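Colleague: Okay, here's the prediction I keep looking at, along with the sequence it came from:
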Amino acid sequence: MANAVLFDLDGTLLDTAPDLVAALNKVLAAIGEPQADYDHVCDFASHGAIGLLRRALGERLDEFDIGQLRQQFLDVYANDIASGTTLYPGIEALLIELDQRKVPWGIVTNKPGFLTDALLPHFPQFSQCQVVISGDTCGVAKPHPLPMTTAAEKIATATENILYIGDAERDMEAGNKVSMTTLLAMWGYIDSADQIADWQADGMIEHPTEILNWLK
Ligand SMILES: O=C(O)COP(=O)(O)O
């Protein structure tokens with residue numbers, strides 16, 4: 001059984017979609033494109049800037065300088081990163097319980113570090129977080145295993161004894177590659193077309209408190 005927990009950020013700890021979609025719509029307005037429908041794009045909030053832009057623009061994204069558009073999106077998002085973002089129900093209580101049990105926990109996200117660093121201080125509930133690995137911390141991002149093993153080293157825990165909680169296929173893949181126990185956060189950004197049965201999660205959980213059942 002596990003004795004440490006690592007979390008994905010967007011779609012797992014935080015519902016960041018309101019601010020991400022607001023940024024997306026500001027960028028779409030700036031390039032003269034129609035606004036995105038929230039429900040159409042929100043489940044792509046775990047897929048980064050390009051995932052959101054691709055969902056909104058489809059193949060027309062290729063008509064733009066994608067790198068420049070991504071940077072524009074990141075800059076706009078950084079300017080208003082936390083006004084609509086909230087902790088998912090049950091996360092605060094879970095983190096308090098982990099802290100009381102002295103269970104080390106941390107974050108492995110694909111968000112670029114400058115955004116993670118800007119966002120996390122808005123949530124004092126994260127004050128006991130022991131490690132934060134962002135998408136550019138290790139030079140490679142999930143599903144590459146390096147962010148996972150780097151986080152495990154920082155909390156001095158063998159990967160086999162770590163739970164990794166995420167809402168995307170790349171999260172399950174990255175965790176499974178390094179023998180963590182992977183739990184799929186069903187409250188996150190899971191699209192109806194996602195084939196979650198193929199993601200090889202060790203468990204699928206509907207509420208954060210279920211994580212406690214997987215701990216020693
Ligand atoms: O911003 C992203 O690329 C997604 O971030 P996540 O890994 O926390 O879901």
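Modeller: Yes, it's here.

Colleague: Next to the ligand in this structure, residues from this structure, please.
Modeller: By C-beta under 6 Å from any ligand atom, the part of the chain that sits against the ligand consists of Asp8, Leu9, Asp10, Gly11, Ser46, Gly48, Thr109, Asn110, Lys111, Gly135, Ala168. All C-beta atoms are positioned from the backbone trio N, CA, C, and that covers glycine.

Colleague: Pull the most distant pair out of the residues you listed.
Modeller: Gly11 and Gly135 (14.2 Å; C-beta to C-beta).

Colleague: And the two? Which one has more around it.
Modeller: Gly11 (26 against 20; other C-beta atoms under 10 Å).

Colleague: can you pull the contacts of that one?
Modeller: Ala17, Ala45, Ser46, Gly166, Asp167, Ala168, Ala185, Gly188, Tyr189 (C-beta atoms under 8 Å, 6 or more residues apart in numbering).

Colleague: And those residues, which of them are buried?
Modeller: Among those, those scoring as buried are Ala17, Ala45, Ser46, Gly166, Asp167, Ala168, Ala185, Gly188, Tyr189 (criterion: 16 or more other C-beta atoms under 10 Å).

Colleague: Just name the closest of those to the ligand, please.
Modeller: Of all the buried ones among the contacts of Gly11, the ligand sits closest to Ser46, with 4.0 Å by C-beta to the nearest ligand atom.

Colleague: For that closest one, give its distance to Lys216.
Modeller: Per C-beta to C-beta, to the nearest Å, Ser46 is found 29 Å from Lys216.

Colleague: go on, Ala4?
Modeller: 10 Å.

Colleague: neighbour count winner among these two?
Modeller: Remark: of Ala4 and Lys216, Ala4 carries more neighbours, 25 against 9, as counted by other C-beta under 10 Å.

Colleague: ok, the more buried one to the ligand distance?
Modeller: According to C-beta to the nearest ligand atom, to the nearest Å, Ala4 and the ligand sit 18 Å apart.

Colleague: do Glu59 as well
Modeller: 21 Å.

Colleague: residue with max distance from the center of the protein?
Modeller: In the chain, the residue that sits farthest from the middle, by C-alpha atoms, centre = their mean, is Gly32; the gap is 29.1 Å.

Colleague: what pLDDT does that one get?
Modeller: Gly32 carries a pLDDT value of 96.
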